[in-house]
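Peer 1: Sharing a model that was predicted from the sequence below.
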Amino acid sequence: MKSIRQRIHPTITLEPEPHNLRKRDRDMLRMLLVELVGYILTTIPNTVIQIYKSAAANVVKTKDRLAIENFTIYLAQIFLLYLTNTLSFWVFLSASQTYRTELKNMLIRWYRFITRQRINQ
């Protein structure tokens with residue numbers, strides 16, 4: 001009987017607790033939150049622009065004011081469009097050491113491939 005008791009070992013589960021996330025998980029969560037905030041900040045101005053256009057639709061405007069408004073709205077929308085689309089690249093690049101390392105390795109491989117092609121020609 002004594003030998004049977006000695007063979008029974010309790011099992012220990014090593015499931016991570018919510019407050020003990022691994023470093024990579026914390027990095028991904030931080031990047032996701034920054035990207036979400038960036039997305040919200042870059043899409044709110046488009047909503048404001050649409051509200052302004054609706055509110056000022058019945059206002060009589062001079063040609064100069066109309067040209068300035070259209071130019072400003074165009075620049076803001078184009079800038080925000082490109083910023084929204086490239087935001088994840090810049091967030092990952094600034095926040096993740098793993099992402100920077102992989103990007104650096106990819107660029108080095110690409111450079112070596114290009115220079116090797118030119119030498120062989």
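Peer 2: Yep, that arrived.
Peer 1: Quick check: residue 65 vs residue 51, distance?
Peer 2: Using CB to CB, to the nearest Å, residue 65 is found at 18 Å from residue 51. Bear in mind the C-beta positions are built from the backbone N, C-alpha and C, glycine included.
Peer 1: can you tell me the average pLDDT over the host helix or strand of residue 51?
Peer 2: Element membership for residue 51 (DSSP states H and E) is helix 23-55. Summarised as a single mean, pLDDT over helix 23-55 is 86.
Peer 1: mind listing what's buried in it?
Peer 2: Under the neighbour-count criterion of 16 or more other CB atoms under 10 Å, helix 23-55 has 27, 28, 31, 34, 35, 38, 42, 49 buried.
Peer 1: what's the burial count for residue 91?
Peer 2: 20 (other CB atoms under 10 Å).
Peer 1: could the buried residues of helix 23-55 be laid out in a markdown table, adding distance to residue 80?
Peer 2: What follows is the buried residues of helix 23-55, written out as a markdown table (distance: CB to CB, whole Å):
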| residue | distance to residue 80 |
| --- | --- |
| 27 | 26 |
| 28 | 25 |
| 31 | 20 |
| 34 | 17 |
| 35 | 15 |
| 38 | 11 |
| 42 | 5 |
| 49 | 9 |
